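Trainee: Got a predicted structure here, sequence first:
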Amino acid sequence: MIAYVFLLSALSAQAQNFGFQFPSEMWHRGEVVLADGNTIQGTIMYDILGDVIQVNRDDKVQTFAANQIQQFKILQEDIGRFRSFYTIPYLNKNGYRRPKFFELIFEGETSLLAREMILITTRPPRDPYFSRGLRYNPYGGSRSVRVLDHDLFLMNSKGKITSLNKKRKDVIYSFDDKYADLKKIIKSNRLKMNNIDDVATLVAEYNKLGEQ
């Protein structure tokens, strides 16, 4: 079992122009464990929003929905890391449990999971000529960029999954207990709840508290 699975800063929230490829837009070497327990290998492209993956084996592409697989693992070569995804039933807003992909960020008695997303937002351009009025800007002082972000979740030892927002107070009370200790950990380590690495650190420290 993997004790710590941290993403590099390359996977943290970042903005890119429309010519950039995010991890979900690329093929990665990896393997898939199917629902029947069989394992297949090939290059994989994942779609977290649609909860489907494509697997290319011998130039033949197969598509698998989340309910057809147990887990899949990819090697993301640009950061030199393996990333592991699991199919877990998740209670949606309509009260139904649907199998969805979750990436394992930290594994312990309480685990940190993530679902990756690409957002489109508008931010002021970095070109100083625009702000000084020296160059025509057809976008009215801003441009659209794509941002890699994550929805984060806690999963306790009983398999209960809790969605996290990015407010410090809400994150603290999403844990099962030890709220005062968590407040001290966040303050002493200056952790930011909108940073995936900092949230992973908080989950790791929470698990250590349970071992004492």
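Mentor: Structure received. Nothing here was measured: the structure is a model prediction, and the numbers come from that model. Numbers count the residues shown, from 1 in each chain.
Trainee: Mind giving me the packing neighbours of the longest helix along the chain?
Mentor: Of all the segments of type helix in the chain, defined by DSSP state H, the longest one is helix 196-211. Applying 3 or more Cβ pairs under 8 Å, 6 or more residues apart in numbering; DSSP states H and E, we find helix 196-211 packed against strand 97-106, strand 111-123, strand 143-155, helix 179-189. Yep, even glycine has a C-beta here, placed from its N, CA and C like the rest.
Trainee: In terms of secondary structure, what does the first one contact?
Mentor: Contact analysis of strand 97-106 by 3+ Cβ pairs under 8 Å, 6+ apart lists strand 81-91, strand 111-123, helix 196-211 as its packing neighbours.
Trainee: Pipe those into a markdown table and attach distance to K160, mean pLDDT and mean neighbour count per row.
Mentor: As requested, the helices and strands packed on strand 97-106 are arranged in a markdown table below (distance: least, Cβ to Cβ, whole Å; pLDDT from 0 to 100; neighbours: other Cβ atoms under 10 Å):
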| stretch | distance to K160 | mean pLDDT | mean neighbour count |
| --- | --- | --- | --- |
| strand 81-91 | 10 | 95 | 18 |
| strand 111-123 | 11 | 87 | 17 |
| helix 196-211 | 15 | 93 | 18 |
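Trainee: Just list the residues touching the residue lying closest to I44 once chain neighbours are set aside, thanks.
Mentor: Using Cβ to Cβ, 6 or more residues apart in numbering and skipping residues adjacent in sequence, the residue nearest I44 is G30, 4.5 Å away. By Cβ atoms under 8 Å, 6 or more residues apart in numbering, the residues touching G30 are Q41, G42, T43, I44, F72, K73, I74, L75.
Trainee: SS state for G30?
Mentor: Taken by DSSP: H, G, I helix; E, B strand; the rest coil, the conformation at G30 corresponds to strand.
Trainee: which residues does it bridge with?
Mentor: With DSSP bridges as the criterion, G30 is bridged to G42, I74.
Trainee: still on that earlier bit, just the C-alphas of the longest helix of the chain, formatted as CSV.
Mentor: C-alpha atoms of helix 196-211 as CSV (Å, rounded to 0.1, in the frame of the first residue of the first chain):
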residue,chain,number,x,y,z
ILE,A,196,-3.7,20.4,-3.1
ASP,A,197,-0.3,19.8,-1.6
ASP,A,198,-1.1,21.7,1.5
VAL,A,199,-4.4,19.7,1.9
ALA,A,200,-2.5,16.5,1.5
THR,A,201,-0.1,17.6,4.2
LEU,A,202,-3.1,18.3,6.5
VAL,A,203,-4.5,14.8,5.9
ALA,A,204,-1.1,13.2,6.6
GLU,A,205,-0.8,15.1,9.9
TYR,A,206,-4.4,14.1,10.8
ASN,A,207,-3.5,10.5,10.3
LYS,A,208,-0.5,10.8,12.5
LEU,A,209,-2.7,12.2,15.3
GLY,A,210,-4.7,9.0,15.2
GLU,A,211,-1.6,7.0,15.7
